[in-house]
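Chemist: Dropping a prediction and its sequence here:
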Amino acid sequence: MRKASIVSAVLSTLCLPLMLAACGGDNAPSKSVIAVIGDAPYGAKATDTSQFQANPAFINAINGDPEVSLVMHAGDIHSGKQYCTQAYDVSIFDQWKGFKRPLVYTPGDNEWTDCHKAAEGGGTYNATTATVDFVKDAGGNLVDYKGGDPVENLKLVRQIFFATPGQTLGAGGMGVVSQATAFDASFPSDKEYVENVQFEKSGVMFVTMNVPGGSNNDTDPWYGAPAMGASQQQDVANRTAADLHWLASAYKTAAANGDTAMVIMLQADMWDLDGKAASHIAQYKQFIDAIASNTKTFGKPVLLINGDSHVYRSDNPLKAGQSCVTESGAGVQTTACKDDAYASQPNGYDVPNFHRIVVHGSTMPLEWLKLTVDPAASAANTASSFGPFNWTRVQP
């Protein structure tokens with residue numbers, strides 16, 4: 001069986017450009033409109049269901065835009081103050097059945113890497129006993145799925161949201177290429193990452209990667225233990241390697257297929273210090289390095305979409321001193337940023353053909369980004385346009 005799987009993987013990797021043309025989205029040279037969301041629905045506490053209750057109407061509002069042909073979710077299906085349970089994950093899956101367009105989703109930290117935290121129903125490391133004091137309900141039962149174990153919660157996310165590799169959520173059944181079936185046979189553990197996908201649309205390569213935010217690429221020791229355990233170390237090593245392999249293959253395929261641009265979607269805001277020292281985002285440098293070097297080689301527009309930090313932002317953190325706008329706090333109006341994200345990762349990058357959007361999330365009103373992809377366009381790098389892309393914020 002192992003020999004057969006490796007042969008299949010080799011063929012999948014060698015034929016990736018053909019696979020994308022055959023089943024990865026709709027690569028007709030026509031304009032597309034995509035609804036991008038993230039960090040939603042959230043709750044201010046474990047019992048806060050206000051955004052969850054508002055989510056069906058929000059989904060219907062997106063459905064009501066006849067131009068939208070695809071929805072993308074940049075991760076975090078609940079807040080860091082809500083529990084990680086199988087019932088909740090299934091309830092989001094059921095709500096997403098309401099989308100009348102295909103939905104591409106990449107997991108966020110709150111639904112798996114941060115489930116170990118007591119605030120999310122996990123537990124706290126007890127230095128006296130060298131064990132974890134798990135959060136339990138009045139009946140003595142674990143609050144979180146598997147006690148908040150991140151590896152087990154990622155398995156749960158995969159079982160619910162990625163049960164069929166290469167198949168999107170929502171309606172329409174758009175095919176995508178999953179790393180689970182198109183992994184490099186030289187790295188067999190990469191096949192675990194069914195959530196990492198690629199597809200082409202309107203002459204643009206899209207790639208998603210499981211890069212969780214908030215915890216320095218998940219290197220903050222689980223449960224607050226003194227150091228990472230073996231399971232966590234293996235997760236970080238395997239996932240990071242798989243992500244970097246997948247990213248490299250996306251650039252390679254985009255170049256081979258003559259794509260006009262590229263979109264990368266992941267959850268982590270790799271430049272967000274969130275009040276911590278610069279060392280707390282140091283483990284994201286390897287991803288930023290790869291994006292920077294590959295984007296310069298690609299030579300065409302590359303747009304990064306992430307969530308995590310919750311506040312809308314449009315900038316280019318791969319070149320110092322670039323213009324930046326962020327939400328002003330009033331509707332969809334924006335204002336100039338007070339900081340330069342490049343300064344958070346000042347590693348000598350100089351990549352003018354790059355742009356980054358942080359999607360709004362976590363707070364009401366719920367918001368989506370209307371991203372238009374026009375392969376005939378070549379817009380300047382502005383606050384709301386870049387190459388074949390232009391976008392607007394929408395609050396239904």
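Modeler: Thanks, I have it. Numbers count the residues shown, from 1 in each chain.
Chemist: how far out from the middle of the chain is stretch 49-68?
Modeler: In terms of C-alpha atoms, centre = their mean, to the nearest Å, the centre of stretch 49-68 is found 20 Å from the chain centre.
Chemist: tell me which residues of that stretch are tucked away?
Modeler: The neighbour-count check on stretch 49-68 (16 or more other C-beta atoms under 10 Å) flags 51-52, 54-55, 58-59, 62-63, 68 as buried. (Glycine included, C-beta is placed from N, CA and C.)
Chemist: Of those residues, which belong to helices?
Modeler: 51-52, 54-55, 58-59, 62-63 (DSSP state H).
Chemist: got CSV for these, with distance to residue 97 and pLDDT too?
Modeler: Listed next are those as CSV, based on distance: C-beta to C-beta, whole Å; pLDDT from 0 to 100:
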residue, distance to residue 97, pLDDT
51, 18, 98
52, 15, 98
54, 17, 98
55, 12, 98
58, 14, 98
59, 9, 98
62, 14, 98
63, 12, 98
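Chemist: all strands of the stretch 251-396 of the chain, in order?
Modeler: Using DSSP state E, counting those that start in this stretch, the strands of the stretch 251-396 of the chain run over 261-265, 302-306, 313-315, 325-327, 334-336, 354-358, 368-373, 385-386, 389-394.
Chemist: what helices or strands is the shortest one leaning on?
Modeler: Spelled out, that is strand 385-386. Here strand 385-386 touches no other helix or strand, going by 3 or more C-beta pairs under 8 Å, 6 or more residues apart in numbering; DSSP states H and E.
Chemist: what's the answer for the third one, then?
Modeler: Packed against strand 313-315, as judged by 3+ C-beta pairs under 8 Å, 6+ apart, are the following elements: strand 325-327, strand 354-358.
Chemist: Which of the ones in helices among the buried residues of stretch 49-68 sits closest to residue 214?
Modeler: residue 51 (19.0 Å; C-beta to C-beta).
Chemist: my guess is the closest one meets residue 41, correct?
Modeler: Yes. The pair residue 51 and residue 41 qualifies as a contact (C-beta atoms under 8 Å) at a distance of 3.5 Å.
Chemist: about what we covered before: which of the ones in helices among the buried residues of stretch 49-68 sits closest to residue 31?
Modeler: Comparing these against residue 31 with C-beta to C-beta places residue 62 closest, at 17.9 Å.
Chemist: Run through the residues that contact that closest one.
Modeler: With contacts defined as C-beta atoms under 8 Å, 6 or more residues apart in numbering, the neighbours of residue 62 are 35, 37, 68, 71, 99, 101, 368, 396.
Chemist: pLDDT added to the residues you listed, as JSON lines?
Modeler: Output for those, formatted as JSON lines (pLDDT from 0 to 100):
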{"residue": "35", "pLDDT": "98"}
{"residue": "37", "pLDDT": "98"}
{"residue": "68", "pLDDT": "98"}
{"residue": "71", "pLDDT": "98"}
{"residue": "99", "pLDDT": "98"}
{"residue": "101", "pLDDT": "97"}
{"residue": "368", "pLDDT": "98"}
{"residue": "396", "pLDDT": "95"}
